[in-house]
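[1] the sequence and its predicted three-dimensional model are supplied below.
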Amino acid sequence: MTQRFIVQTFWRLSCCLCASVLPVLLQAAEPKLTDEELAKKAERLQALVENKLVQEHGLIPMLVRATDYQLPTAEDYKGAYRHRHLKGKTEEELGMPPMHVWRAWENTPTDTAYYLYAMAYQYRTTGDPQALAICRRTFAALKYIHQLGVENGEPGFLCKPYGGKYSNQTSLDQVQCVAWGLDAYRGIAPPEDAAELNQMTKDFADFLMQHDYRPPSGYFGRSAEELRKNTDYAQKIWTRAVIVLPMLHLAWYGSGDQKYVAEIERWYQECGEEKPPSLNKTQLLGKGFGDRPRNIYLTSQLMEMAPLREKQWRARMQASFLQNRHGLLEDGTWPTSWVYHVASKRLEPQDFPEVGGGLGRTGRSTIFAMACVSAQRWLPNEDLKADARKILDGQDEATFRFIMPLDDEHPLPPEWKIESELLDTDSLTGWLCAYWEGHFRGYW
C-alpha cells in the first residue's frame, strides 16, 4: 500500500469526519530493504553526486532539475513565488543574483560539507583510497569558498557562493554545517589538509567573534543595521550556542589559542542554565524545516567536544528526537508542519504559510536521519537508528525535494510548483551522511 494511497484515503474519510489527521499507520515499521539493497542504493546515489551534481571547484549546489540534473534557469522560475527573505524587495534592489541562481546555490557550503562528512565516514568504513580522494576534492571546495573571503579582504567570511562566485551573503546555518563536515574530516586529513583546515577554522571563528555572530552585510532584505538592532542576532541563548560552539572548539583545537576557550566560556556563562522543553503534552508540534535536527546532531558533536556538559547535551538530543520522530510518513518524508496528538497517536498536517502556503511535505527529514545516527550512541535507551532506517529505506530521488505536495488532493500553489520539480541536495547529502556513519557504526 503506497503512502499516496493511504494519504488520499484518509483525507477522503477526514472530510466526512470534519477532521484532518493522519493515522499513526503512516509510520513505517520494519526495514523495507535488506542491508545489501540499502548498500546498492547508497552506491547509486553517490554515483549521482559524482557524475551529475559536482560543479566547478568541487562545489555541490542546493537545487538542480530532477529531470536532467541541470541547474535551474530563469525560465524555470518564471512566475515563481517571491521569497520571504526578500522582505518585499527585488534582487536588483538588494544586489542579489537572479532568484534561480541564488536558490540553486543557497546551501552550497552546507551540501559540500555534508558530502565531505559522508565521504569521511565512507573512508573510515572502507579504507578505500578513492573515498579519501573524494574527501580531498570536497575539502578543496570548502577551501575555495574560504579563499573567496580572503580575496575580498574578509578572511573567515563564509559566503554563499552564488554561481560559484563571491557574494556578501552568509548565515550561521552554513557555519554549523561546515564545522560538521570539517570535524569529520579532521581525523583522517593528510598533514597538508590538516594545516589548511586549522587555518580555516581559526579564520571562521575570528570572523564570527569580530562581528558578534551577525552577517555584516545584512541578510537578504534586512540590512546590517536592522540586524544590529535585532536582539535575536546577538542573544546568547542555547539554541544559538549549539550553532557556533563547534566552530569555536575547532579553532581552539587547531590553534591552541586560549581566546577561544574564553569565548566558549563566555557563551556558557551568558546562556545560563538550560531547561529542556517538556514533552509531557497532549500535542507535539513539528516542522519539516527549522532547528530540530541541529539540536540533535550538533549536540552529538558537542558530546565529544565538551563532555563535561553531557547531561545538557543528552537532554537536548532526547527532547528534539522525541518531539520530531512522530512526524515521519511512510516514505520517510515529513509534513512541512504538523501536530501529533499523543493520546490518539494521530498525525495532523498543518498549513505552513512560510513555505508553500498550505499542506506539503519535505525530503529534508534525511537530516533528521543523519542526526539520529550520530546521536544513537549517546542515547542507548532510545532506538534512534530505527527511525533513521525508515528514512533511508523510504526516501530516494523522487522524494529528495525541498517541498512537495502532501498528496494529489492537496497540490502546491502554482508559484511553488518549480521547487517540487528540483532535486534537493540537502536531502541527498543528508541521506549519504546517515548511511555512511550508520554503516561505520554497524547499524546496517
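    That came through fine. Since this is a predicted model, take the numbers as computed values, not measurements.
[2] since we're on residue 52, how many residues are nearby?
    By other C-beta atoms under 10 Å, 12 other residues sit near residue 52. Just so you know, the C-beta spots here come from the backbone N, C-alpha and C atoms, and that holds for glycine as well.
[3] next: residue 370.
    If we define neighbours as other C-beta under 10 Å, then residue 370 has 31 of them.
[4] let the chain start at 34 from now.
    Sure thing, new numbering starts at 34, so read that last one as residue 403.
[5] which residues does it contact?
    147, 326, 330, 421, 463, 464, 466, 467, 470 (C-beta atoms under 8 Å, 6 or more residues apart in numbering).
[6] with distance to residue 71 and neighbour count added, can I get these in JSON lines?
    As requested, the contacts of residue 403 are exported to JSON lines (distance: C-beta to C-beta, whole Å; neighbours: other C-beta atoms under 10 Å):
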{"residue": "147", "distance to residue 71": "19", "neighbour count": "29"}
{"residue": "326", "distance to residue 71": "21", "neighbour count": "24"}
{"residue": "330", "distance to residue 71": "20", "neighbour count": "29"}
{"residue": "421", "distance to residue 71": "11", "neighbour count": "29"}
{"residue": "463", "distance to residue 71": "15", "neighbour count": "31"}
{"residue": "464", "distance to residue 71": "11", "neighbour count": "30"}
{"residue": "466", "distance to residue 71": "14", "neighbour count": "30"}
{"residue": "467", "distance to residue 71": "11", "neighbour count": "31"}
{"residue": "470", "distance to residue 71": "14", "neighbour count": "25"}
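[7] and which of the residues you listed is nearest residue 269?
    residue 330 (21.4 Å; C-beta to C-beta).
[8] secondary structure element holding that closest one?
    Residue 330 is located in helix 327-338, with elements delineated by DSSP states H and E.
[9] hmm, who's touching that helix?
    Residues contacting helix 327-338 (C-beta under 8 Å, 6+ apart): 206, 209, 212-213, 216, 272, 275-276, 278-279, 282, 342-343, 346-347, 349-350, 352-354, 400-401, 403-405, 407-408, 411.
[10] now with 6 Å?
    275, 279, 282, 343, 346, 349-350, 353-354, 404, 407-408, 411 (C-beta atoms under 6 Å, 6 or more residues apart in numbering).
[11] with stretch 280-297 instead?
    208, 212, 231, 234, 235, 237, 238, 242, 338.
[12] that older thread, would a markdown table of the contacts of helix 327-338 with pLDDT, neighbour count and secondary structure be doable?
    Formatted as a markdown table, these follow (pLDDT from 0 to 100; neighbours: other C-beta atoms under 10 Å; DSSP: H, G, I helix; E, B strand; the rest coil):
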| residue | pLDDT | neighbour count | secondary structure |
| --- | --- | --- | --- |
| 275 | 95 | 24 | helix |
| 279 | 98 | 25 | helix |
| 282 | 98 | 22 | helix |
| 343 | 95 | 14 | helix |
| 346 | 95 | 25 | helix |
| 349 | 93 | 24 | helix |
| 350 | 94 | 28 | helix |
| 353 | 93 | 23 | helix |
| 354 | 95 | 23 | helix |
| 404 | 98 | 29 | helix |
| 407 | 98 | 28 | helix |
| 408 | 98 | 28 | helix |
| 411 | 98 | 18 | helix |
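[13] pick the one among those residues closest to residue 197.
    When the contacts of helix 327-338 are compared against residue 197 (criterion: C-beta to C-beta), the nearest one is residue 279, at 26.0 Å.
[14] residue contacts, the closest one?
    Residues near residue 279 by C-beta under 6 Å, 6+ apart: 212, 334.
[15] apply 8 Å and report the result again.
    By C-beta under 8 Å, 6+ apart, the neighbours of residue 279 are 209, 212, 213, 216, 331, 334, 335, 338.
[16] one more: residue 453?
    Neighbour list for residue 453: 434, 436, 437, 438, 445 [criterion: C-beta under 8 Å, 6+ apart].
[17] which one of those residues sits in the busiest neighbourhood?
    Counting by other C-beta under 10 Å, top hit in those: residue 434 with 25 neighbours.
[18] what lies in contact with stretch 405-425?
    Residues contacting stretch 405-425 (C-beta under 8 Å, 6+ apart): 60-61, 64, 66, 71, 74, 329-330, 332-334, 336, 343, 346-347, 350-351, 354-355, 358, 361, 365, 398-399, 401-403, 464, 466-468, 470-471, 474, 476-477.
[19] for the contacts of helix 327-338, work out which two are farthest apart.
    By the measure C-beta to C-beta, 282 and 354 form the most distant pair in the contacts of helix 327-338, at 22.8 Å.
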